[in-house]
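Asker: here's a sequence, model it:
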Amino acid sequence: MVWDPDIYAFHIFGYGVRWYGLWWVIGLMIAYLVVQRLYKRQGLGDEKFDSLFIYAFVGIILGARLGHCLLYDPAYFLTHPLEIFLPAVKVDGHWQFTGFTGLASHGGTLGLMIALWLYVRKTKVNLMRVLDNIAIATPIAAACIRMGNFWNSEIVGKPTTSALGVIFVQNHENFARYPGQLFEAAFYFILFPIGLLLYRQYKDKIATGWFFGWVLTCIFSFRFFIEFLKEVQEPWERTMVSYIGINQGQLLSLPFIILGVYCWTGGKRCRRLGEKPQSTQKA
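Answerer: I've put the predicted structure just below:
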C-alpha cells in the first residue's frame, strides 16, 4: 500500500484542519458521550459529569505534551521551554504555527490519573467509579488517536517486505514499513465494544477498579509487544535497545501493566478505595 494522503481534512477561512486533530476530536467526542451515558445510568448528576470532562481533557493534553517533551526529547525542550506549551516553533527568529507535534500516550495516561484525582477531591465521587467509567471509553479515544498518527505518517513500523507493508511517501521513503499505528488502532477498536459488553455483564464491578485494571493491562501489554514491530521514535533509543533490549515506550509501559494487573485482580488498595457492593446497584 502506498500511503500519501492530504494531511488536511478541509479548510475553513484559509485555515487547514488536519486529519490528526480531527481524529482527536472524534475520539474524545465518542468517549465524552459514552461516559456521559454511564454517569446517567449510575445516577450521577450532570454537573459532576461536566466538570469531569474539563479535568480529563486538560489532564490528557497537558500530560501527553509534557510526557513527549520530557521523556523523549528533554535536551531540546528544556532549552526551548516555550515550545512545550505553545503550538508553534521558532524558525529564523519567527514563530511558525505547527500545532502540538509531539504527544505521548504514557504522559497522557499519567496526566489523566492526576486530573481525576483532583476531580475526585473536589466532587467527592468515588475514585474507583470514576476510573472504571473513564476506562470503558478509553479504547475508542486511543484508536482514533492512532488513526491520526497514521494520517500524519508518524510512529511508523520497521521496514518489511510482507504484504502488510505500507510505503509512507510523506516521509520521503520508497520502501514499505509495518503500519504499527493501524495495528494499534485495530486492537483498540476491538477492545472498545468488548468493554461495553463486559459492562453489561459485570455492572457490579463498577467502582472496584476492575475495568480500570483490565483496560490498563490490555492496552499497555499490547503496546509493549507491538513496539517490537515499530521504529524507535528518537535516535537515542537505539542505544537503549542495544543495551537492555527494549525501547522507551516499552520501558514506560511496564509500570502501567503492573498497576493494571494489580487493579484487575482486586488489589488491597483498590478494595479500600472502592465502594461497597451495595452502593453499585444503581450501575
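
Asker: what's the mean pLDDT across the one helix or strand L182 maps to?
Answerer: For L182, the element it lies in under DSSP states H and E is helix 180-201. On average, the pLDDT along helix 180-201 is 97.

Asker: buried stuff in that helix?
Answerer: When neighbours are counted by 16 or more other C-beta atoms under 10 Å, the buried residues of helix 180-201 are found to be 180-185, 187-189, 191-192, 195, 198-199. Bear in mind the C-beta positions are built from the backbone N, C-alpha and C, glycine included.

Asker: what is that helix packed up against?
Answerer: The contact analysis (3 or more C-beta pairs under 8 Å, 6 or more residues apart in numbering; DSSP states H and E) places helix 180-201 against helix 127-151, helix 210-226.

Asker: can you give the strand pairings for whichever helix or strand comes after the longest one, parallel or anti for each?
Answerer: Later in the chain than helix 127-151, the nearest helix or strand by DSSP H and E is strand 167-168. Looking at strand 167-168 with DSSP bridges, its partner strands are strand 2-3 (parallel).

Asker: what's the partner strand in contact with?
Answerer: Contacts to strand 2-3, defined as C-beta atoms under 8 Å, 6 or more residues apart in numbering, come from residues F150, S153, V166, I167, F168, V169, Q170, P179.

Asker: out of the residues you listed, who's the most crowded?
Answerer: P179 (26 neighbours; other C-beta atoms under 10 Å).

Asker: surely that residue meets F150?
Answerer: Yes: under the criterion of C-beta atoms under 8 Å, P179 lies in contact with F150, with a separation of 6.6 Å.

Asker: hang on, the earlier thing: report the angle between the helix holding L182 and helix 210-226.
Answerer: For helix 180-201 against helix 210-226, the angle by axes from the mean of the first three to the mean of the last three C-alpha atoms, to 10 degrees is 160 degrees.

Asker: which residues touch helix 180-201?
Answerer: 34, 38, 135-137, 139-140, 142-144, 146-147, 149-150, 154-157, 166, 206, 211, 214-215, 218-219, 222-223, 226, 229-231.

Asker: got a quick ChimeraX command for the buried subset of the residues you listed?
Answerer: Buried subset of the contacts of helix 180-201, written as a ChimeraX selection, criterion 16+ other C-beta under 10 Å:
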select :34,38,135,136,137,139,140,142,143,144,146,147,149,150,154,155,156,157,166,206,211,214,215,218,219,222,223,226,230,231
